[in-house]
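Colleague: Got a sequence here, can you model it:
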Amino acid sequence: MAKVTLISAVKHDGKDYKPDTFEGDKKIVDELIRAGAAQDPSTVVEQTTAIETAEDEAKTIVPEAQKAAGKIKSDAEDEAKTIIGKAEEVAGLKIKEAEKALTGAKAEAEKLVKDAQGAAKKAPDTKTNTSAK
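Modeller: I've put the predicted structure just below:
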């Protein structure tokens, strides 16, 4: 007789077996394993050990990954602040240039208005008398 762990319910010789340890003929046990309905108990122990090992490794890796992610986030935030600071500085210079250009344009416009007013005062009167005589 051989023992296996049933993965799913099995019906054998008219009897229903639930997932658990099953003992039967070596030939039947081998057929259940080939069909994927059962697995060797030693394999289950190996899988359990592998899962526990993976969980232990994850307990070590996850905090390290979280720490690395935190550093990356902090570095990215610092870089973003630097970039924003430079952009604000450049924007401030552009605003000053624009204000200077606007002041110059206003002064030029005022000069043009004064010149036009002066020219209009000096121009001969061009009114024509169109009333009937």
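Colleague: Please tell me how far Asp56 sits from Gln66.
Modeller: 17 Å (CB to CB, to the nearest Å). Where you see a C-beta, it was placed from the backbone N, CA and C, and this is true even at glycine.
Colleague: Likewise for Ser74?
Modeller: 13 Å.
Colleague: now do Glu89
Modeller: 35 Å.
Colleague: try Glu79
Modeller: Noted for Glu79: a distance of 20 Å to Gln66, by CB to CB.
Colleague: List the contacts of Asp16.
Modeller: For Asp16, the contact set (CB atoms under 8 Å, 6 or more residues apart in numbering) comprises Ala9, Val10.
Colleague: quick one, phi/psi of it?
Modeller: When read as degrees, to the nearest 10, the backbone of Asp16 gives phi -90, psi 130.
Colleague: Ok, Gln39 next?
Modeller: Torsion angles, degrees, to the nearest 10, at Gln39: phi -150, psi 150.
Colleague: Let's check: the centremost residue of this protein is which one?
Modeller: Centroid-nearest residue in the chain: Lys73, 11.9 Å away (criterion: CA atoms, centre = their mean).
Colleague: Over to it. Which of the three states is it?
Modeller: helix (DSSP: H, G, I helix; E, B strand; the rest coil).
Colleague: tell me the pLDDT at it?
Modeller: pLDDT recorded at Lys73 is 96.
Colleague: For the residue nearest to Val10 when sequence neighbours are not counted, give its distance to Ala50.
Modeller: Computed as CB to CB, 6 or more residues apart in numbering, the closest residue to Val10 that is not its neighbour in sequence is Tyr17, at 4.7 Å. Tyr17 sits 26 Å away from Ala50, going by CB to CB.
Colleague: Between these two, which is the more surrounded one?
Modeller: Neighbour tally, Tyr17 and Ala50, criterion other CB atoms under 10 Å: the higher count belongs to Tyr17, 18 against 10.
Colleague: List phi and psi for the more buried one.
Modeller: phi -120, psi 130.
Colleague: returning to what we had before: quick one: residues contacting the residue nearest to Val10.
Modeller: Leu6, Ala9, Val10, Lys11.
Colleague: Apply 7 Å and report the result again.
Modeller: Tyr17 makes contacts with Leu6, Ala9, Val10, as judged by CB atoms under 7 Å, 6 or more residues apart in numbering.
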